[in-house]
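1. A structural model of the following input is requested.
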Amino acid sequence: MARRSTPAKKKKPATRGKANVRKKPGKKPGGFRRLMLGAAMVAGAVSAMIAAGSMLELDRAAQKAVSSSSAGSPQIQTRAERETSKSPKLDFSKGYESPNRPGYMVERTPEDIDKTQPDALSQPRITPVPNVNPSPLPRTDAPATPQVQLAWQKFATHVPDTGRAPVIAIIIDDAGIDKARTERAAELPGPITISYLPYATHLPEQVATARKRGHEIMLHMPMEPTSHTVDPGPHALLTSYDKVAILNEMTWMLDRFSGYVGVNNHMGSKFTSDPERMAVVMQVMKSRGLMFLDSRTSAKSVGYQEAQKYSVPAIERDVFIDDADEADKINQMLDRVEHVANKRGYAVAIGHPRDLTLEALNKWIPKMQAAGFIFVPATDIVRRNSVKVTG
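-> Down below sits the predicted model:
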């Protein structure tokens, strides 16, 4: 029997290029580390070159500085020559200054410092700078800075130097209410001082007229008297007031007009004997730059003493001219004013705008002027030595 022929099995073709492909060798461990190490070595070499260049530049600069400062001095060795020389190396870690590098190290050893100079270690090294064009000395004839004037100085009526002549200050207070008699007071020969009550009317106009005639102006501040039957007028300072009430009343009175040098008390025999409340008054006087004239309506008044405590310029009344509104009594008081002025060198007298008083003063002032007495405003007495003398 014939056998059926079995077809031969075909061999599968080999995959193209697969048998001939070589496996790529794997990366050896540590390659990145070697790369970083190489970079560090390169950076180190660059730094070393920069440092060497810097040291060489310093050597050249030092050699040039030393050679230019002293002619004929030996040249400074280069870095290579110093390294090969047999001289001992300097230990810069201790901060010693190198003799071949001026200024390179600022610290010095105690052996390098002059022992004759005390505390030399603690003194900084300072290079003196020559003063090529010194500034001129300040001028001694330059005008002085003007000082701020206080109110009692700003509005004062100035008089020439009186020398050793006795002086008299006449104060006419209670002014402003009776305008006709106040006007007559402003016509008196002077200068005198006129003190206006704050509750009078047309005060700016009255004050302006008196100032034009050369008189000095004060404010006549009403204060509480001892007698309950006497009325000091509106806005008077009372001992029953606390500090706030006193300040309010004083502000109203002091703002009524301007141009006055200070204050004297109207009545006030009770109020001026109260140290606590008079201290409030003096604080206001101080803050406003005013002077104070103690009318001394009471022997117990502490006005002058409180003024001194607060450094307020102050004077006291010596004589009341018209305590009694009689011609003979007024003339007796004027004789007493003359006596005080002769004895002490000055006198302070207070009167009022009354007919008898104004008539007596019109005759008496020229008579006293002819006798060598000089009439001055109240501020002139402030500048003098206050020695209390009463008639």
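
2. Tell me how many other residues surround the nearest residue to residue 234 once chain neighbours are set aside.
-> Closest residue to residue 234 apart from its sequence neighbours, by Cβ to Cβ, 6 or more residues apart in numbering: residue 199 at 5.2 Å. (C-beta placed from N, C-alpha, C; glycine too.) By the criterion of other Cβ atoms under 10 Å, residue 199 has 17 neighbours.

3. Please identify which helix or strand holds residue 315.
-> strand 314-316 (DSSP states H and E).

4. now for that strand, which elements pack on it?
-> Counting contacts by 3 or more Cβ pairs under 8 Å, 6 or more residues apart in numbering; DSSP states H and E, strand 314-316 packs against strand 291-294, helix 303-309, helix 378-382.

5. what's in contact with it?
-> Residues outside strand 314-316 that contact it (Cβ atoms under 8 Å, 6 or more residues apart in numbering): 291-294, 296, 303-304, 307-308, 348, 378, 381-382, 386, 388.

6. ok, the closest residue to residue 342 other than its chain neighbours - how many residues close by?
-> By the measure of Cβ to Cβ, 6+ apart, the closest residue to residue 342 outside its immediate chain neighbours is residue 166, 5.8 Å from it. As a burial measure, residue 166 scores 19 neighbours (other Cβ under 10 Å).

7. show me what contacts residue 166?
-> Taking Cβ under 8 Å, 6+ apart as the test, what residue 166 contacts is 341, 342, 345, 346, 347, 372, 373, 374.

8. Can you flag which of these belong to helices?
-> The helices, defined by DSSP state H, take in 341, 342 from the contacts of residue 166.

9. from the contacts of residue 166, which would you call buried?
-> Burial by neighbour count, 16 or more other Cβ atoms under 10 Å: within those this picks out 341, 345, 346, 347, 373, 374.

10. just these now: which is nearest residue 192?
-> residue 374 (12.2 Å; Cβ to Cβ).

11. Was I right to think the closest one contacts residue 164?
-> No. The pair residue 374 / residue 164 is not scored as a contact, 10.5 Å apart, by Cβ atoms under 8 Å.

12. Compute the distance between residue 253 and residue 354, please.
-> 24 Å (Cβ to Cβ, to the nearest Å).

13. So which helix or strand of the protein has the lowest pLDDT on average?
-> helix 79-84 (a mean of 49; mean pLDDT, DSSP states H and E).

14. wait, residue 264 sits on residue 296?
-> No. The pair residue 264 / residue 296 is not scored as a contact, 9.8 Å apart, by Cβ under 8 Å.

15. Which one's more surrounded, these two?
-> Using other Cβ under 10 Å, the more surrounded residue of residue 264 and residue 296 is residue 264, with 25 against 22.

16. Can you say which helix or strand has that one in it?
-> Going by DSSP H and E, residue 264 is part of strand 262-267.

17. Strand partners (parallel or antiparallel) of that strand?
-> Using DSSP bridges, the strands paired with strand 262-267 in its sheet are strand 216-223 (parallel), strand 291-294 (parallel).

18. If you count neighbours, what's buried in it?
-> Neighbour-count burial for strand 262-267 [16+ other Cβ under 10 Å]: 262, 263, 264, 265, 266, 267.

19. quick one: contacts of it?
-> So strand 262-267 is contacted by 151-152, 171, 173-174, 195, 197, 218-225, 230, 232-233, 236, 254, 271-272, 285, 290-295, 297, 303, 313, 317, 350, 378-379 (Cβ under 8 Å, 6+ apart).

20. C-terminal to that strand, which secondary structure element comes first?
-> helix 275-288.

21. Which elements pack onto that next one?
-> helix 243-254, strand 291-294, helix 303-309.

22. Check the ones you listed for me and report the most buried one.
-> Comparing the helices and strands packed on helix 275-288 by mean neighbour count (mean count of other Cβ atoms under 10 Å), strand 291-294 ranks first with a mean of 26.

23. any idea where the strands of the stretch 101-250 of the chain begin and end?
-> Using DSSP state E, counting those that start in this stretch, the strands of the stretch 101-250 of the chain run over residues 167-175, 193-196, 216-223.
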